[in-house]
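1. Can you look at this prediction? I've put the sequence above it.
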Amino acid sequence: MSAIAAPVAKRAVRPGRELNPSKRAAREPFWDNVRFVAIALVVVGHSVEKLADSDLMAALYFVIYAFHMPLFAFVCGRFASATAVPPSC
């Protein structure tokens, strides 16, 4: 039996960027922390949602939901690529 080797899909890399980790830009801990806070606020918001009968919990719920989605949109936009990268699959 002979096996036909399928072509290996290569990972799409933007022009000017190599896959060499030593040449990658260092991660900024500030943005990692912002993402953590945003994710934690989602968890807290979903937990507080069931307790919204209390005025304090309802206020906390509305404050969290007033800015955590704009925060996600901002952080996603901050790291979005200006050029289209074709899917690697």
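-> Thanks, I have it.
2. Give me the residue ranges of this structure where confidence is low.
-> By pLDDT under 70, the low-scoring segments of the chain are 1-25, 81, 84-85, 87-89.
3. Not counting its neighbours along the chain, what's nearest residue 45?
-> Of all residues not flanking residue 45 in the chain, residue 64 sits nearest, at 4.2 Å (CB to CB, 6 or more residues apart in numbering). (Each C-beta comes from the backbone N, C-alpha and C, glycine too.)
4. residues in contact with the host helix or strand of residue 43?
-> Taking DSSP states H and E as the definition, residue 43 sits inside helix 29-49. When contacts are defined by CB atoms under 8 Å, 6 or more residues apart in numbering, helix 29-49 is touched by residues 57, 60-61, 64-65, 68, 71-72, 75, 78-79.
5. Longest helix of this protein, counting residues only.
-> Using DSSP state H to define each element, the chain has its longest helix at helix 55-79.
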